[in-house]
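Undergrad: For reference, the sequence and a predicted model appear below.
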Amino acid sequence: DLKLEPSSNRAIRSGNSIDLTVKEYRLLEYFMMNQGTVLSRMSLLKHVWNKDFDTNTNVVDVYVNYIRTKIDKDFKHKLIHTVVGVGYLMEA
């Protein structure tokens, strides 16, 4: 029940419009393109932030938290899951 609107950097979940920053949109888009696949923090840094190295930053965790707050907070069924020691997984 989640759709992206590229022209407005918005997501729609259960009819609710959710405004996203450019990075939040890119991160969510990457999650949606890779549903069911565990994505490492390094993979997310490379594909969303165009960083090919570990910057010793928690930017990925911070942005995943931003997205969770926006798309999962008010819903019983959560879409983004943490895979401890590996990264994150989006499941529909």
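TA: Received the coordinates, thanks. Numbering: from 1, shown residues only.
Undergrad: Next up, the contacts around the nearest residue to Tyr63 once chain neighbours are set aside.
TA: Once flanking residues are discounted, Tyr63 sits nearest to Leu27: 5.4 Å by CB to CB, 6 or more residues apart in numbering. Yep, even glycine has a C-beta here, placed from its N, CA and C like the rest. Leu27 makes contact with 44, 48, 63-64, 67, according to CB atoms under 8 Å, 6 or more residues apart in numbering.
Undergrad: hmm, 10 Å instead?
TA: Contacts were defined as CB atoms under 10 Å, 6 or more residues apart in numbering; by that measure Leu27 touches 20-21, 39, 44, 47-49, 60, 63-64, 66-67, 80, 88.
Undergrad: Repeat that for Lys3.
TA: Contacts for Lys3 (CB under 10 Å, 6+ apart) come out as 10-13, 32.
Undergrad: If we use 7 Å, what do you get?
TA: If you count contacts by CB atoms under 7 Å, 6 or more residues apart in numbering, Lys3 has them with 11-12.
Undergrad: now it, what's its secondary structure?
TA: Three-state call for Lys3 (DSSP: H, G, I helix; E, B strand; the rest coil): strand.
Undergrad: For beta bridges, what are the partners of it?
TA: For Lys3, the beta-bridge partners under DSSP bridges are Ile12.
Undergrad: how many other residues sit next to Ile80?
TA: By the criterion of other CB atoms under 10 Å, Ile80 has 17 neighbours.
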